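>>> Make a model of this:
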Amino acid sequence: MFCLFHISRKHELPSCPPPFREYMEMMRISNVRVGLELLLIKYNDFSQEFQQLSRGLLWFRCSNFEHRYIPSWLSLDNIRVLELTSPESLETLWEEAHPPLQLRELLIKYASILQSLPRSIGHLKHLKRLSLVDTGMVPLSSLPEEFCLLHSLEHLSLEACPELSRLSNHFGDLVNVRHLNLLFCRSLEMLPVSFKKLINLEYLKLSYCQKLTLKSDILENITKLEIFDVLHCYKFKKLPHNITKQSFLRKLYISNTKSLIELPVYTGQLTKLDELKIVECPLLTRLPTSLGKLPTVI
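Next comes the predicted model:
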């Protein structure tokens, strides 16, 4: 039987709930903890009262998390989904010796002082979705090499990690990634050579990567791309030459790409294209004649 329990601070609910310890006592009396699978918390006093929670807990969501890492006394043995929003004290995710091995989704938002990811993240063999959004101004400058062992990963968002300056040379080992969002990674300067191994990539967002340059062959083995977004990428002079081989490409967004001087001659081969945005590219003075061969494009 699926069981959900929601704990919130008093001022966040229209009617005042009982104090936190009374919540826990109520759970103990009613034996709710035995079957608890989803726990949603908006509560600052996150204490060891939780250590008696059901080991069947599958989904844990917490706002205003106030620990440096997830305490070992909180059972993560069977957790499938872990969400932390505005974890103001979070410096890393968990103790190295206690990774949530069954995790399928990991969502971290507004972790303003997150400094590193644990190396044991590479043990999460079932992880399919990882979203790390807005790490503030404290440097998360790189990812551990073990990150590239997440071979089941399909959806990866590293949005607004302003100090992330490099990706591992083994980044291409994440061969099942279909959705990659690097929006606002302003310190990122280059994609690794192995990037071309991401043969299942369908969505690539590089907007506001203002220091990023792309090698001409970076998409060499990638043929399934549907959305390519390069808004405000100031250093792009040309698009990767294989962009014209993306027969599934539906949306191409190019805006404020100040160094762009030309589009590939055969851009008109993108017959599936239904949205093309080219705005504020001052050095782009000519468009390829092949664009006239495209079907209706917005």
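>>> Can you give me the distance of the closest residue to E146 other than its chain neighbours to S131?
Among residues not flanking E146 along the chain, G122 sits closest, at 2.9 Å (CB to CB, 6 or more residues apart in numbering). Every residue, glycine included, has its C-beta placed from N, CA and C. Per CB to CB, to the nearest Å, G122 is found 18 Å from S131.
>>> same deal with Q102?
The separation that Q102 has from S131, given CB to CB, amounts to 18 Å.
>>> what comes into contact with stretch 168-177?
Residues from elsewhere that reach stretch 168-177 (CB atoms under 8 Å, 6 or more residues apart in numbering): 142-143, 145, 147-156, 191-201.
>>> Read off the pLDDT value for the closest residue to E262 other than its chain neighbours.
Distance criterion CB to CB, 6+ apart; nearest residue to E262, sequence neighbours excluded, is K238 at 6.2 Å. K238 carries a pLDDT value of 91.
>>> Where do the strands of the protein begin and end?
Defined through DSSP state E, the strands belonging to the chain, from first to last, are 4-8, 38-42, 59-63, 81-85, 105-109, 129-133, 155-157, 179-181, 203-205, 227-231, 251-255, 275-279.
>>> and the angle from the last one to strand 227-231?
Calculated by axes from the mean of the first three to the mean of the last three CA atoms, to 10 degrees, strand 275-279 forms an angle of 10 degrees with strand 227-231.
>>> Repeat that for the fourth one.
An angle of 20 degrees separates the directions of strand 81-85 and strand 227-231 when computed by the same axes, to 10 degrees.
>>> and strand 81-85, what other elements does it pack with?
strand 59-63, strand 105-109 (3 or more CB pairs under 8 Å, 6 or more residues apart in numbering; DSSP states H and E).
>>> average pLDDT across that strand?
Rounded mean pLDDT across strand 81-85 is 85.
>>> that older thread, can you redo the helices and strands packed on strand 81-85 as a markdown table with distance to T92 and mean neighbour count?
Formatted as a markdown table, the helices and strands packed on strand 81-85 follow (distance: least, CB to CB, whole Å; neighbours: other CB atoms under 10 Å):
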| stretch | distance to T92 | mean neighbour count |
| --- | --- | --- |
| strand 59-63 | 16 | 20 |
| strand 105-109 | 11 | 19 |
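>>> With distance to P87 and mean pLDDT added, can I get those in JSON lines?
JSON lines is the format used below for the helices and strands packed on strand 81-85 (distance: least, CB to CB, whole Å; pLDDT from 0 to 100):
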{"stretch": "strand 59-63", "distance to P87": "8", "mean pLDDT": "80"}
{"stretch": "strand 105-109", "distance to P87": "7", "mean pLDDT": "88"}
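>>> Next up, the contacts around P282.
With contact taken as CB under 8 Å, 6+ apart, P282 is in contact with K258.
>>> least reliable of the strands of the chain going by mean pLDDT?
Taking the mean pLDDT of these, strand 4-8 comes last: a mean of 44.
>>> So, low pLDDT: which residues of the chain?
Flagging of the chain using pLDDT under 70 yields the residue ranges 1-55, 135-139, 296-298.
>>> which stretch among the strands of the chain comes nearest N242?
Taking CB to CB, strand 227-231 is the member of the strands of the chain nearest to N242, at 11.0 Å.
>>> what about the helices in the chain?
20-30, 32-35 (DSSP state H).
>>> L219 contacts T244, correct?
No: between L219 and T244 there is no contact, the gap being 9.9 Å when judged by CB atoms under 8 Å.
>>> Looking at those two, which has the bigger crowd around it?
L219 (25 against 20; other CB atoms under 10 Å).
>>> and the gap between the more buried one and V279?
22 Å.
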